[in-house]
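Visitor: Give the three-dimensional model of this entry:
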Amino acid sequence: MAHHMDDKAGDGLEDNAHEDIATCASATIKVFVKMGKTRPIFEELPVRQLSETTYKLLASPGVALNLAKGDIIEIVDQHKAPVVLKRGGNFCIQI
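Guide: Numbering: from 1, shown residues only. Model prediction:
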């Protein structure tokens, strides 16, 4: 189970700091988690697509590591972990 904690509130950035899944036109992407015994394992996450390969995460992942809600990520290779281009200011702790 993932717990999401806001690291900042009202930081004045150009996008809405309280943006959530219900208020955005969103899509989902499959993020690479790890290679299983016979095939790759992915986690489906809600996102706002920013370009062909970049996305803003609308929720923290449950199993994918090093990501949190609000991060802007790029997926260059479906079978590799996404690259974090900009941190969203949140932490995601998996327990």
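
Visitor: Give the next helix or strand downstream of the helix-or-strand element of the chain with minimal mean pLDDT.
Guide: Lowest on mean pLDDT, DSSP states H and E among the helices and strands of the chain sits strand 2-6, with a mean of 49. Counting by DSSP states H and E, the next helix or strand C-terminal to strand 2-6 is strand 27-35.

Visitor: I'd like the distance from that next one to the chain centre, please.
Guide: Centroid displacement of strand 27-35 relative to its chain, using C-alpha atoms, centre = their mean, to the nearest Å, is 10 Å.

Visitor: Mind listing the strands the helix or strand just after it pairs with, and their directions?
Guide: Sequence order places strand 40-49 as the next helix or strand after strand 27-35, per DSSP H and E. Paired neighbours of strand 40-49 in the sheet (DSSP bridges): strand 27-35 (antiparallel), strand 54-57 (antiparallel).
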